[in-house]
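Participant: When you get a sec, could you give me coordinates for this:
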Amino acid sequence: MMDEIYAHAGREAPRECCGLVIQEDDKEIYIPLDNISENKNQFEMDAKTFVTYQLKSNIKYVVHSHYEQNSHPSDHDKHNCKAIGIPYLIVSYPDKEYTILQP
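Facilitator: Predicted coordinates for the structure are as follows:
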């Protein structure tokens, strides 16, 4: 799954990529989503899409990338992760490091 996330980050670079990791049965699946943010250094998911996945799936992680930066969460990441109550999986690209931020 991490290879899929890094590949998505590479396709979106230098913009941040975003997506969700959902749990289906005993398997985690990465769902790449469109980053609708106008700022290339931030991500924003379509709210309707996010809510749809919240209602029909078990979201394990909200995923996004940091391009040419480390994977440490920004203050903005910390605030939003806590607000939605779902862990963030933040990947750095092209360094291919990751950080899991708990709400």
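
Participant: mean confidence score for the top strand by length along the chain?
Facilitator: When the chain is scanned for its longest strand (criterion: DSSP state E), the result is strand 58-67. Throughout strand 58-67, pLDDT has a mean value of 97.

Participant: Spatially central residue in this structure, please.
Facilitator: Among the residues of the chain, the one closest to the centroid is Val63, at 1.4 Å (CA atoms, centre = their mean).

Participant: quick one on the thing from earlier: run through who's touching the following helix or strand past the longest strand of the chain.
Facilitator: Scanning forward in sequence from strand 58-67 by DSSP states H and E, the next helix or strand is helix 75-84. The contact list for helix 75-84 (CB atoms under 8 Å, 6 or more residues apart in numbering) reads 42, 62, 64, 73, 87-88, 90, 101-103. Bear in mind the C-beta positions are built from the backbone N, C-alpha and C, glycine included.

Participant: hmm, try it at 10 Å
Facilitator: Defining contact as CB atoms under 10 Å, 6 or more residues apart in numbering, one finds that helix 75-84 is touched by 41-43, 50, 54, 59, 61-62, 64, 66, 73-74, 86-88, 90, 99, 101-103.

Participant: Going through the residues you listed, which ones are buried?
Facilitator: If you count burial by 16 or more other CB atoms under 10 Å, the buried members of the contacts of helix 75-84 come out as 42-43, 50, 59, 61-62, 64, 66, 73, 86-88, 90, 101.

Participant: Of those, which is the nearest to Met2?
Facilitator: Relative to Met2, the closest of the buried ones among the contacts of helix 75-84 is Tyr61; by CB to CB it sits at 11.3 Å.

Participant: Run through the bridge partners of that closest one.
Facilitator: Val21 (DSSP bridges).

Participant: how far away is it from Pro14?
Facilitator: 22 Å (CB to CB, to the nearest Å).

Participant: Pro73 too?
Facilitator: Taking CB to CB, one finds Pro73 at 19 Å from Pro14.

Participant: now Val91
Facilitator: 14 Å.

Participant: which one of those two has more residues nearby?
Facilitator: Applying other CB atoms under 10 Å to Val91 and Pro14 shows that Val91 carries more neighbours, namely 22 against 10.
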